[in-house]
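# sequence unknown, structure follows:
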């Protein structure tokens with residue numbers, strides 16, 4: 001059984017060779033950049049603020065207004081929610097050996113039969129990928145049987161951009177089916193042990209220095 005997450009699947013689609021070397025063989029480690037560190041710090045600060053009411057550090061107070069608006073009036077609020085499903089698409093422990101897919105929701109709120117899922121982004125809003133919200137919605141449906149509708153959003157904090165999406169329980173089968181082509185490609189690569197490199201301008205940030213397309217920045 002192939003285990004996956006949205007970020008892992010996206011890495012595979014961007015470059016199967018990098019995915020295999022980094023995620024499967026663990027021959028290389030993606031170095032933590034200043035942008036990655038900043039993103040982690042922002043997520044941690046917002047988690048502490050929403051969950052515990054801990055004041056935001058001075059550098060992150062600019063995000064207070066938009067986050068306050070998101071949680072205003074909500075009674076069931078959770079942060080950094082770990083969710084995992086087994087191959088039968090049933091909830092399981094996040095670190096269970098039986099997990100098939102898993103992910104973490106930055107902000108999950110439930111009101112009656114409606115859930116609100118938000119993912120914080122600290123990068124560019126130029127190429128938003130709302131498919132991550134689709135997966136979070138599917139996992140929410142599995143964890144919250146009473147939820148019939150999920151309203152999601154990608155919140156690009158540095159650009160004041162919010163990309164909304166909405167999903168309904170009646171469409172679960174079609175939503176899962178949208179991942180089938182990408183998962184089939186991953187399954188094929190795994191079964192044939194064929195991991196083609198995909199040269200892009202991002203090669204300068206790739207740690208796989210044994211690749212023919214590797215180039216130093």
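Structure received. Note that the structure is a prediction, hence the values are computed from the model and not measured.
# could you give me the buried positions within the longest helix anywhere in the chain?
In the chain, with assignment by DSSP state H, the single longest helix is helix 34-52. For helix 34-52, burial by neighbour count (16 or more other C-beta atoms under 10 Å) applies to 39, 42, 43, 45, 46, 47, 49, 50. (Glycine included, C-beta is placed from N, CA and C.)
# strands of the protein, residue ranges please.
Remark: strands assigned in the chain by DSSP state E are 76-86, 99-111, 114-121, 149-156, 161-168.
# wait, which of the ones you listed is closest to residue 200?
Evaluated over these, closeness to residue 200 peaks at strand 114-121, with 20.3 Å, by C-beta to C-beta.
# in a markdown table: the strands of the chain, plus mean pLDDT.
Below are these laid out as a markdown table (pLDDT from 0 to 100):
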| stretch | mean pLDDT |
| --- | --- |
| strand 76-86 | 98 |
| strand 99-111 | 98 |
| strand 114-121 | 98 |
| strand 149-156 | 97 |
| strand 161-168 | 97 |
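# how about CSV for these, with distance to residue 56 added?
Conversion of these to CSV gives the following (distance: least, C-beta to C-beta, whole Å):
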stretch, distance to residue 56
strand 76-86, 14
strand 99-111, 15
strand 114-121, 13
strand 149-156, 15
strand 161-168, 19
